[in-house]
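Student: Sequence plus predicted model, see below.
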Amino acid sequence: MRISRAGWAVMTVLSTLIVLLAARYASFDPSAFFTEQRDTYLRHELPLGVHISGAIVALAVGPWQFSARLRRRCPRWHRRIGVTYLLGCVVGGIGALLLAPVAYGGAVARLGFACLGVAWLVTGAAGLRMILHRRVADHRRWMVRSFALTFAAVTLRLLLLAAEAAHLDLRTSYAVIAWLCWVPNLLLACWFTRAPGQPSL
Ligand code: HEM
């Protein structure tokens, strides 16, 4: 699967913008926290810090793995960035699973984030396993799926902006968006990476 230059540029710019937005948490200044969750985050600073530091790395470096030029010209860098990306996923994923039980939006949102966290860890592990077995095409498929889930950080924030613009109730829309931010991404990634001759997934 190859993505167009324009598609790659949009994906990279959006990912970088969310990385910059999330980096405000590095100050640990509570006034920068998601307002509705400020008290919760103050009580869970360690998992929050673990989650954000790993997740930021994965989102910042992930798009560069889709650059065919970088892969071709500097395969060593592709491997180094890949290891960095996977470490980001593991650290960010463990932090996400610790945060999911206290997420905003009630049980539906919490379950949505927990499932996303598990799917994130599983797709990354599958991508690693495939490349260790030198199954390059399968590695590519699983890594596309993994990044589609990492990109949920972008779709989540775009959907929250849309919900705010539509004056929807934050708590209810947040619970729906906790699922909508990643299930369509994953389905699309599975569709685009389907094996030749297979109709879907
Ligand atoms: C893809 C798997 C991910 C999962 C399962 C996940 C899960 C979570 C959960 C459960 C929370 C707490 C939400 C709440 O309090 O309601 C959270 C917050 C947060 N996550 Fe993630 N996350 C993921 C990816 C990312 C990525 C890639 C970033 C990169 C920037 C990120 C950045 C943040 C930030 C900044 C917060 C604090 C809340 C905010 O200001 O929006 N997350 N995440």
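Tutor: Yep, it's here.
Student: how near is the closest residue to residue 102 other than its chain neighbours to residue 82?
Tutor: In space, and not counting its chain neighbours, residue 102 is closest to residue 40: 5.2 Å by Cβ to Cβ, 6 or more residues apart in numbering. The C-beta positions use only the backbone N, C-alpha and C, and glycine is treated the same way. Using Cβ to Cβ, to the nearest Å, one gets 34 Å for the distance from residue 40 to residue 82.
Student: ok, those two, which is more surrounded?
Tutor: The neighbour comparison of residue 40 against residue 82 (other Cβ atoms under 10 Å) goes to residue 82, with 20 against 15.
Student: where does residue 65 land in three-state SS?
Tutor: Going by DSSP: H, G, I helix; E, B strand; the rest coil, the secondary structure assigned to residue 65 is helix.
Student: Please look at the residue nearest to residue 102 and residue 105 and confirm they touch.
Tutor: No: Residue 40 lies out of contact with residue 105 (Cβ atoms under 8 Å); the separation is 11.7 Å.
Student: confidence score at the residue most central in space within the chain?
Tutor: Centroid check for the chain by Cα atoms, centre = their mean gives residue 150 as the closest residue, at 1.4 Å. Residue 150 is assigned a predicted lDDT (pLDDT) of 98.
Student: same thing with residue 58?
Tutor: pLDDT at residue 58 comes out at 98.
Student: Pretty sure residue 170 sits against residue 36.
Tutor: Yes: at 7.1 Å, residue 170 counts as touching residue 36 under the criterion of Cβ under 8 Å.
Student: Settle it for me: which of those two has more neighbours?
Tutor: Residue environment comparison for residue 170 versus residue 36 gives the larger neighbour count to residue 170, 15 against 12, counting by other Cβ under 10 Å.
Student: and the helix or strand in which residue 49 is found, what does it pack onto?
Tutor: Applying DSSP states H and E as the criterion places residue 49 in helix 45-61. Under the contact criterion of 3 or more Cβ pairs under 8 Å, 6 or more residues apart in numbering; DSSP states H and E, helix 45-61 touches helix 5-22, helix 75-99, helix 136-150, helix 152-165.
Student: repeat that for 7 Å
Tutor: Counting by 3 or more Cβ pairs under 7 Å, 6 or more residues apart in numbering; DSSP states H and E, the packing neighbours recorded for helix 45-61 are helix 5-22, helix 75-99.
Student: What separation do you get for the residue nearest to residue 94 when sequence neighbours are not counted and the ligand?
Tutor: In this structure, residue 94 finds its nearest non-sequential neighbour in residue 50, 6.6 Å apart by Cβ to Cβ, 6+ apart. From residue 50 over to the ligand the distance is 11 Å, taken as Cβ to the nearest ligand atom, to the nearest Å.
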